[in-house]
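Peer 1: attaching a predicted model along with its sequence, questions to come.
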Amino acid sequence: MFLQKLIIETFIYLLLISPSNNLLSQYCVSVYGNQFFEPSIDVNNKESGSHETKTMNKRFNIVSCLIESSILEIASDAGVSSISEPVSGCGLGTEESIGIFIHNYGGSELSSIPVAYKINGDDEITEIAEVIIEPDEEYFYVFTTTANFSEPGEYLLEAYSLLSPDFDNSNDTLIYTVNSLITPEHILAEDIHACHSAILDAGNTGSTYLWNIGETSQTIETHASGIFSVVIANPKSGCSITDSISVTINNAPEASFISVVTGSGVTLTNTTINTGSCAWDFGDGSVSTENDPPIYTYSENGTYTITLTVMNECGTSVYSDEIVITDVSISDNIPATIKLYPNPAGEILIVELDNLIGETAILEFSNITGEIIFRTEVIVYAKTLIDVSPFPDDIYEFTIKYDAGTISQKFLIMEN
């Protein structure tokens, strides 16, 4: 008994005086007593056996505590101390992050820690947390593999460490309940282009609604373009979203134009509302597809009905207007003619141009090779005299160019 007592007391003493075990010894003594060496026991004392046994038990407990604590100081021990992601609530989706705190409960540095999670006992998702955690410190780790919490309901999330060896398995695992609340869905379609009006349906039947135009129904009808938004709330969960859509309302065209007659021509101004593609009919067999055609000139006097047809994706509109043309002269309908004499010409060439008197024209003539050797712009008179004496004897082509066209005629220059 004495030898056993001596061994225990010596072991306790060595553990207690070790600098590295100072905190451990304080802890163990605080739990199991602070009397390491009690006075010698009188063997004649009847109670000495009982007292001796209690003292020995106390010292055995201290030894066990110190040994266990010393092992823990160098052992590897990791566990999940808390789960911070996802948070129960509204709008949980198909790719929610799983975030945990990994705690180093052991006495040595940890790195490359295997961790895992399960949802409702399904397949285990395992990853390696490539981190370094010092003793009694922790690290926030987010799994790269996300989880689906989109269906409303209660999910049992189990996260744990797979460290091996692990001194204490009781602190490895944490179980966390995630509540995914019923949340309205975004129903409004992509931007709308419609004719005349559009009906917007926010879906999520049974919810409450508040549109930015003040309406509180699930569906609304609009005849105007704009951005429409609605707050949709689920009355059971209290979850709400804001949905929005851009609406462009187009209307059928309303064709119209203004006509102004000047002489034999008419100027047209397109005043169509909600315009589109245009087709003009000038009433004399001529047509145009320009939105704003240039001045149109008629070749005969008379009454003409001008018709404008406008088409877009929402409809077709036709508008007509009647005009009267009275200023088309007779000469406007007779082609211009040319007379050159004498031919052959000596020094002077006389040019007569019918139906062009008073108009501006370009007179030119060229030799048989096509080279233009004479060119002038004139106001046409009944007779125009041209000095041709500077030009050598040859055959030439006389050309007159005016607004309505070109006339050509050959002549000969020959000295008398």
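Peer 2: Structure's in. What do you need?

Peer 1: and the most centrally placed residue in the chain, what pLDDT?
Peer 2: Most central residue of the chain, judged by C-alpha distance to the mean C-alpha position with C-alpha atoms, centre = their mean, is Glu190 at 11.6 Å. With respect to pLDDT, Glu190 scores 83.

Peer 1: pull the number of nearby residues for Ser217.
Peer 2: 10 (other C-beta atoms under 10 Å). Where you see a C-beta, it was placed from the backbone N, CA and C, and this is true even at glycine.

Peer 1: got a list of what the nearest residue to it once chain neighbours are set aside touches?
Peer 2: Excluding its sequence neighbours, the residue lying closest to Ser217 (C-beta to C-beta, 6 or more residues apart in numbering) is Tyr209, at 6.3 Å. Neighbouring residues of Tyr209 by C-beta atoms under 8 Å, 6 or more residues apart in numbering: Ala202, Glu215, Thr216, Ser217, Gln218, Val230, Val231, Ile232, Ala233.

Peer 1: distance check, the residue nearest to the centre of the chain against Glu290.
Peer 2: Separation of Glu190 from Glu290 (C-beta to C-beta, to the nearest Å): 35 Å.

Peer 1: among the contacts of Tyr209, name the buried ones.
Peer 2: For the contacts of Tyr209, a burial check counting by 16 or more other C-beta atoms under 10 Å picks out Ala202, Glu215, Gln218, Val230, Val231, Ile232, Ala233.

Peer 1: from those residues, pick the one nearest Ile175.
Peer 2: Lowest distance from Ile175 to these (C-beta to C-beta) belongs to Ala233, with 31.8 Å.

Peer 1: okay but the closest one is in contact with Thr208, surely?
Peer 2: Yes. With contact defined as C-beta atoms under 8 Å, Ala233 counts as touching Thr208 (4.8 Å).

Peer 1: residues that sit against both of these two, list them.
Peer 2: What both Ala233 and Thr208 touch, as defined by C-beta under 8 Å, 6+ apart, is an empty set.

Peer 1: how about low-confidence regions in the stretch 51-200 of the chain?
Peer 2: 51-74 (pLDDT under 70).

Peer 1: all strands for it, in order.
Peer 2: Per DSSP state E, counting those that start in this stretch, the stretch 51-200 of the chain carries strands over the ranges 78-85, 99-104, 110-119, 125-133, 138-142, 153-161, 173-180, 192-195, 198-201.

Peer 1: of the ones you listed, which is nearest Ile395?
Peer 2: Of those, nearest to Ile395 by C-beta to C-beta is strand 192-195, at 68.8 Å.

Peer 1: list the buried residues of that closest one.
Peer 2: Counting neighbours by 16+ other C-beta under 10 Å, strand 192-195 gives Ile192, Ala194 as buried.

Peer 1: for it, the distance to its chain's centre please.
Peer 2: Distance, stretch centre to chain centre, for strand 192-195: 20 Å (C-alpha atoms, centre = their mean, to the nearest Å).

Peer 1: hang on, the earlier thing: buried deepest among the strands of the stretch 51-200 of the chain, which one?
Peer 2: strand 99-104 (a mean of 21; mean count of other C-beta atoms under 10 Å).

Peer 1: just checking, what packs against that strand?
Peer 2: Using 3 or more C-beta pairs under 8 Å, 6 or more residues apart in numbering; DSSP states H and E, the elements in contact with strand 99-104 are strand 78-85, strand 110-119, strand 125-133, strand 138-142.

Peer 1: for Asp243, find the nearest of these.
Peer 2: Comparing the helices and strands packed on strand 99-104 under C-beta to C-beta, the one sitting nearest is strand 78-85, at 26.2 Å.

Peer 1: who does the closest one touch, helix- and strand-wise?
Peer 2: strand 99-104, strand 110-119, strand 138-142, strand 153-161, strand 173-180.

Peer 1: and those as JSON lines, adding distance to Thr309?
Peer 2: As requested, the helices and strands packed on strand 78-85 are arranged in JSON lines below (distance: least, C-beta to C-beta, whole Å):
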{"stretch": "strand 99-104", "distance to Thr309": "67"}
{"stretch": "strand 110-119", "distance to Thr309": "66"}
{"stretch": "strand 138-142", "distance to Thr309": "65"}
{"stretch": "strand 153-161", "distance to Thr309": "61"}
{"stretch": "strand 173-180", "distance to Thr309": "59"}
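
Peer 1: of all these, which lies closest to Asn367?
Peer 2: That would be strand 138-142 among the helices and strands packed on strand 78-85, by C-beta to C-beta, at 93.2 Å.

Peer 1: ok, Glu377 to Ile400 distance?
Peer 2: Taken as C-beta to C-beta, the span from Glu377 to Ile400 is 11 Å.

Peer 1: so between the two, which is more surrounded?
Peer 2: Using other C-beta under 10 Å, the more surrounded residue of Glu377 and Ile400 is Ile400, with 22 against 10.

Peer 1: wait, that one sits on Ile386?
Peer 2: No. Using C-beta under 8 Å, Ile400 is not in contact with Ile386; the gap is 11.4 Å.

Peer 1: find residues that contact each of the two.
Peer 2: Taking C-beta under 8 Å, 6+ apart as the contact criterion, the common neighbours of Ile400 and Ile386 are Val351, Leu363.

Peer 1: and stretch 345-364, what's its mean pLDDT?
Peer 2: On average, stretch 345-364 scores 83.

Peer 1: excluding its backbone neighbours, what's nearest Tyr381?
Peer 2: Computed as C-beta to C-beta, 6+ apart, the closest residue to Tyr381 that is not its neighbour in sequence is Ile357, at 6.5 Å.

Peer 1: state whether that neighbour is indeed within a strand.
Peer 2: No. Assignment of Ile357 by DSSP: H, G, I helix; E, B strand; the rest coil gives coil, placing it outside any strand.

Peer 1: contacting residues for it?
Peer 2: Val380, Tyr381, Ala382.

Peer 1: which one of those is nearest Pro114?
Peer 2: Of all those, Pro114 sits closest to Val380, with 104.9 Å by C-beta to C-beta.

Peer 1: show me the strands in the stretch 251-400 of the chain, by range?
Peer 2: 257-262, 265-270, 277-281, 287-288, 296-297, 302-312, 315-325, 337-341, 348-354, 360-366, 372-379, 384-387, 394-402.
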